[in-house]
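Colleague: attaching a predicted model along with its sequence, questions to come.
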Amino acid sequence: MSASNAALAASPAFDAQAFRARFPTLKTKAYMNSGSYGLLADEVRTAFESYLDDRLRCGSEWGWWVERAEAVRTGMASLLRVDPNEIAVTASASAGVNAVASALDFSGPRNKVVVSNFEFPTSGQIWHAQEPRGAEVVHVPEDDTGYIPLEHFEKAIDERTKVVAIAQVCYRNGAKQDVKGIVEIARRKGALVLLDIYQAVGATDIDLKALDVDFATGGMLKYLLGTAGIGFFYCRKGLIEQLRPTVTGWFAQSNIFKMSIFENDPSPTARRFEMGTPPVPNCYAAEAGINIIREVGTPQIEPYIRNLTRHAIERLSEIGCRFAMPTDDARRGPQVTVKSTDDHALVERLAARDIVVSNRDGNLRAMFHAYNTGADVEALVEGLKANADLLRR
């Protein structure tokens, strides 16, 4: 037994089999696609049904629905170790980034936006959309190994930089960036930092205060086990009242029930980064998903997934797979990315064997959560062995 497999088998802190039983899809599928869409848990399905029951029983119950949004806010704050007043409940990660971008002034000499090449497309697109407002967007490229070293950020971030946009984990290859190192560079230059934690939150233990970022964004449909159409945005308390988004709505107001059309009176909390009516059905699902993660605890989930991905790397190496992500624990998120000669065909062939994965940039992505086990790894190994003609050697 390999060292990683032994550690996986011996880990007493987390009962993956019990956790696994909450996700009916796993009875028929080896599911390793949580970085695209997390599996539906029994509790989340029940939450959706509760919303429908409430609609049938009450018609509309705004007080209860607002409470669901507040439960999501409180749950995310607890998970990220921040104050609930620093969390906005948004319709997507994009909505939060758009709101803060609209609040930043790019008309002066500090007009530079530094964007890593590991970003999800929406991040680059939103910042480039600010160019007519004076923003100068600069990208930080990878080195020859495919990773972005701190030296590249040192070159890109200067006294003209207003904000640095980085993804904690790259969606394409699973590479995990040195957030603390990047933040330290940005602080020396007086720049703000926006951290995209979408590909990590729920699978990684995250303390936003310890990371010292100014903003963070993500959504509920992946490792948080909720659904699409709902996200969150974090703004550090000391910055909130300095920023006035021009992308706004009635739920961003200080008093959402004042219903005034004669003023814009932003909330003194991070609610000022919200917009219109909250995604009510999605709040039910998101609350249930967050509660599942909080119940188990990310301090237990993260090491379990790290051991499982390490085990997967060892087993896949044995059959000759080449990897597109760093194999070091410190530089790898909950994702193992295998190079392929035809990634689309490989995903389809594995799907025919009830193995659910995804692909980006010519690579197969296997994205693990706490409901995965060594049995899923073995299913992936056997599936790739049977389709070795599509592996890049």
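Modeller: Everything's here; your move. Residues are numbered from 1 along each chain as shown.
Colleague: helix/strand/coil for Ala165?
Modeller: Secondary structure assignment for Ala165 (DSSP: H, G, I helix; E, B strand; the rest coil): strand.
Colleague: tell me how far it lies from Thr122.
Modeller: For Ala165, the distance to Thr122 equals 11 Å [CB to CB, to the nearest Å]. To be clear about C-beta, it is placed using only N, CA and C from the backbone, and glycine gets the same treatment.
Colleague: more neighbours: which of the two?
Modeller: Neighbours of Ala165 and Thr122, each counted by other CB atoms under 10 Å, are more numerous for Ala165; the result is 24 against 16.
Colleague: correct me, but that one touches Ser123?
Modeller: Yes: judged on CB atoms under 8 Å, Ala165 makes contact with Ser123 at a distance of 5.3 Å.
Colleague: which parts of the protein are strands?
Modeller: 30-31, 87-90, 112-116, 136-140, 161-167, 192-196, 215-219, 231-235, 335-339, 355-356, 358-360, 363-367 (DSSP state E).
Colleague: so can I have JSON lines of the ones you listed showing mean pLDDT and distance to Phe23?
Modeller: Converted to JSON lines, those look like this (pLDDT from 0 to 100; distance: least, CB to CB, whole Å):
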{"stretch": "strand 30-31", "mean pLDDT": "98", "distance to Phe23": "8"}
{"stretch": "strand 87-90", "mean pLDDT": "98", "distance to Phe23": "25"}
{"stretch": "strand 112-116", "mean pLDDT": "98", "distance to Phe23": "33"}
{"stretch": "strand 136-140", "mean pLDDT": "98", "distance to Phe23": "37"}
{"stretch": "strand 161-167", "mean pLDDT": "98", "distance to Phe23": "26"}
{"stretch": "strand 192-196", "mean pLDDT": "98", "distance to Phe23": "26"}
{"stretch": "strand 215-219", "mean pLDDT": "98", "distance to Phe23": "19"}
{"stretch": "strand 231-235", "mean pLDDT": "98", "distance to Phe23": "22"}
{"stretch": "strand 335-339", "mean pLDDT": "97", "distance to Phe23": "19"}
{"stretch": "strand 355-356", "mean pLDDT": "98", "distance to Phe23": "12"}
{"stretch": "strand 358-360", "mean pLDDT": "96", "distance to Phe23": "18"}
{"stretch": "strand 363-367", "mean pLDDT": "97", "distance to Phe23": "15"}
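Colleague: to Thr277, which of those strands lies closest?
Modeller: strand 87-90 (11.3 Å; CB to CB).
Colleague: pLDDT below threshold where in this protein?
Modeller: Low-confidence segments of the chain, defined by pLDDT under 70: 1-13.
Colleague: okay, now the domains of it?
Modeller: The record's domain parsing of the chain by automatic domain parsing lists 3-31+297-390, 46-294.
Colleague: and the closest residue to Met32 other than its chain neighbours, how far from His311?
Modeller: On the basis of CB to CB, 6 or more residues apart in numbering, the spatially nearest residue to Met32 that is not a chain neighbour turns out to be Ala366, at 4.2 Å. Ala366 sits at a distance of 12 Å from His311 (criterion: CB to CB).
Colleague: one more: Thr204?
Modeller: Following CB to CB, the distance that separates Thr204 from His311 is 18 Å.
Colleague: who's more crowded, these two?
Modeller: Taking other CB under 10 Å, Thr204 and His311 do not tie; His311 has more neighbours (25 against 19).
Colleague: against Glu302, how distant is that one?
Modeller: His311 sits 15 Å away from Glu302, going by CB to CB.
Colleague: any idea which residue sits dead centre in the chain?
Modeller: With distances taken as CA atoms, centre = their mean, the residue of the chain nearest its centroid is Tyr198 (0.9 Å).
Colleague: now that residue: closest residue in space that isn't a chain neighbour?
Modeller: Nearest residue to Tyr198, sequence neighbours excluded (CB to CB, 6+ apart): Gly218, at 4.2 Å.
Colleague: ok, His128 next?
Modeller: If you skip the residues right next to it in sequence, His128 has Val137 as its closest partner in space, 5.4 Å away by CB to CB, 6+ apart.
Colleague: with Asp389 instead?
Modeller: Ranked by CB to CB, 6+ apart and with sequence neighbours excluded, the top spatial neighbour of Asp389 is Thr341, at 7.7 Å.
Colleague: ok, now Arg272?
Modeller: Nearest in space to Arg272, with sequence neighbours left out and distances taken as CB to CB, 6+ apart, is Pro266 at 3.8 Å.
Colleague: so the one you found sits right up against Gln253, yeah?
Modeller: Yes: using CB under 8 Å, Pro266 and Gln253 qualify as a contacting pair, with a distance of 6.7 Å.
Colleague: residues in contact with the closest residue to Glu241 other than its chain neighbours?
Modeller: Using CB to CB, 6+ apart and skipping residues adjacent in sequence, the residue nearest Glu241 is Pro268, 6.1 Å away. With CB atoms under 8 Å, 6 or more residues apart in numbering as the criterion, the residues that contact Pro268 are 240-241, 254.
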